[in-house]
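sequence and predicted structure below; questions after.
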Amino acid sequence: MKRKAVSLLSGGLDSLIATKIIVEQGIEVEALHFTSPFCNCSKGGKGCGIQAVRTARELGIEVKVRTKGLEYLEIVKRPRHGYGRGMNPCVDCRIFMLKNAKQFMDETGASFIITGEVLGQKPMSQRRDTISLIEQESGLEGLIIRPLSAKHFSPTLPEQEGIVSREKLLGITGRSRKGQYDFVYSHGLTEFSCPGGGCLLTDPIFTRKLKDLFTYQTTYAMRDVALLKIGRHFRLGRKTKLILGRNQEENDRLNSFHEAPLILLSPVDFKGPVGLLIGMFNDDVLKQGANILAHYGKNNSFPINVKINNGTETVRAVDRQHISADSFVI
C-alpha cells in the first residue's frame, strides 16, 4: 500500500481532527469535499465548501470540491436505507460519498480513506452495524480509517501493514465532544464549523417544502432546491407555487432567480414583499398571488396594484385574503 490517503473533509470539527492525526504521521493526504444543496452550516454564511477550503489550508493539504447534484437528489427522494428523524438519508448519503471517494482514491493513487466518524455519535449512520453495512456497500472494507474511534474497531489494512500507527489513533465514542475540543485547543486548530449539525434535511420546515417539491414536480433542477431556502412558500395548485420574500435580502435573491417562464410579482404603490410564481398560471392565479402578496404588505386601502415581471403590466389586489393566505402555506 502507498502512504497516501483521501480524507472526506466536511470542514467540521471531527473531519479536521481525523485528518490532522493522519497528517502528523507523515502520510500524504488529499482531501475530498462534497458540497450539498442542503448545507446550512458555515462561518459567515459563505458556504460549506468555503469552510472546507479553509480547513484544508490550515492542515496544509489540497482539497478537491465536488457537488452533490441531481443524482444525489434522487437518493434523497428514494433512499434504500430510509430516513432519520427528517428526510435525512444518512446511511445512503455515506455510501454515496464513499463510493465517490473510492473512485477519487483510485484516480489519485491513494490507498485508503479517512473519515471523521465517531462511533455512537449519530444514531442512524454511526452505529457499529450501520458502519459495517456502509463499508460493505461502498466496497471499502478494511480501507476506511476512523482516527477518532479507531481503538474501538479492528485494525484496518493500513494499520496492519504499518503505514498508520494504531498507537497514535484515538478511542472516542458517543456524542460528547470534550475530547475533540481538547485536541483542537492543544494543537491550535481553529478552522472548523458546525460540530453536530448543519443539514437542512433534519429541519421540519424545510422538509415540508422538499416533500412538496417531490410531490408536485416531476422534473426539477438544483435551482428548485436552492429556492426552498428562501422565503414563504404557498401551494396555489398542483402545478403552481408562489414564493414570497421575508426581507430585502430575500426579495433581492428572488429577483436574481427570476427568468422566463417564472413570473415575478412586486408592489407598485405600497411596501411589501417580492413574489415568484413557479409553474402554470392564468389570470385567476395572478390575482390570487397578488392578493397573498398584499396580505403580507404594508398598505391600508384597496384595491392596489402589483407589477408583473418588472414591466408596465399590473394585476389588481382587491383584498388581503386574511383567511385563505395561511391555508396555502406549505
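Arrived safely, thanks for sending.

residues contacting the closest residue in space to Ser111 that isn't next to it in sequence?
Among residues not flanking Ser111 along the chain, Met1 sits closest, at 4.1 Å (CB to CB, 6 or more residues apart in numbering). Heads up, the C-betas are built off the backbone N, CA and C, glycines and all. For Met1, the contact set (CB atoms under 8 Å, 6 or more residues apart in numbering) comprises Ser111, Phe112, Leu157, Pro158, Glu161, Ile163.

which stretches of this protein form helices?
Listed in chain order, the helices of the chain (DSSP state H) span 13-23, 48-59, 70-77, 90-108, 128-138, 157-160, 178-187, 204-216, 222-227, 248-257, 283-295, 324-327.

counting contacts, what elements does the longest one pack onto?
Put plainly, it is helix 90-108. Applying 3 or more CB pairs under 8 Å, 6 or more residues apart in numbering; DSSP states H and E, one finds that helix 90-108 makes contact with strand 4-8, strand 28-35, helix 70-77, strand 112-114, helix 128-138.

in its sheet, what does the shortest one sit against?
Okay, so that is strand 112-114. Applying DSSP bridges, strand 112-114 is found paired with strand 4-8 (parallel), strand 144-145 (parallel).

what about the residue nearest to Ser111, distance to Glu161?
Using CB to CB, to the nearest Å, Met1 is found at 5 Å from Glu161.

so where is the protein shaky, pLDDT-wise?
Scanning the chain for pLDDT under 70 picks out 41-47, 194-197, 300, 320-327.

quick revisit: just the helices and strands packed on helix 90-108: most buried one?
The highest mean neighbour count among these, using mean count of other CB atoms under 10 Å, belongs to strand 112-114: a mean of 26.

quick one: stretch 244-251 to chain centroid distance?
Remark: stretch 244-251 is offset 21 Å from the chain centroid, using CA atoms, centre = their mean, to the nearest Å.

quick revisit: from the helices of the chain, which stretch is densest packed?
Taking mean count of other CB under 10 Å, helix 13-23 is the most buried of the helices of the chain, at a mean of 24.

which other helices and strands contact that one?
Secondary-structure packing of helix 13-23 (3+ CB pairs under 8 Å, 6+ apart): strand 4-8, strand 28-35, helix 48-59, strand 112-114, helix 178-187.

next, the angle from that helix to strand 4-8.
170 degrees (axes from the mean of the first three to the mean of the last three CA atoms, to 10 degrees).

any chance you could list what contacts helix 13-23?
Here helix 13-23 makes contact (CB under 8 Å, 6+ apart) with 5, 7-9, 29, 31, 55, 58-61, 114-118, 121, 145-148, 164, 168-170, 177, 180-181, 183-184, 187, 189, 191-192, 195.

rewinding a little: of all the helices and strands packed on helix 90-108, which one is nearest Leu227?
Across the helices and strands packed on helix 90-108, Leu227 has its closest neighbour in helix 70-77 (13.6 Å, CB to CB).

tell me what that closest one is packed against?
When contacts are defined as 3+ CB pairs under 8 Å, 6+ apart, helix 70-77 sits against helix 90-108, helix 222-227.
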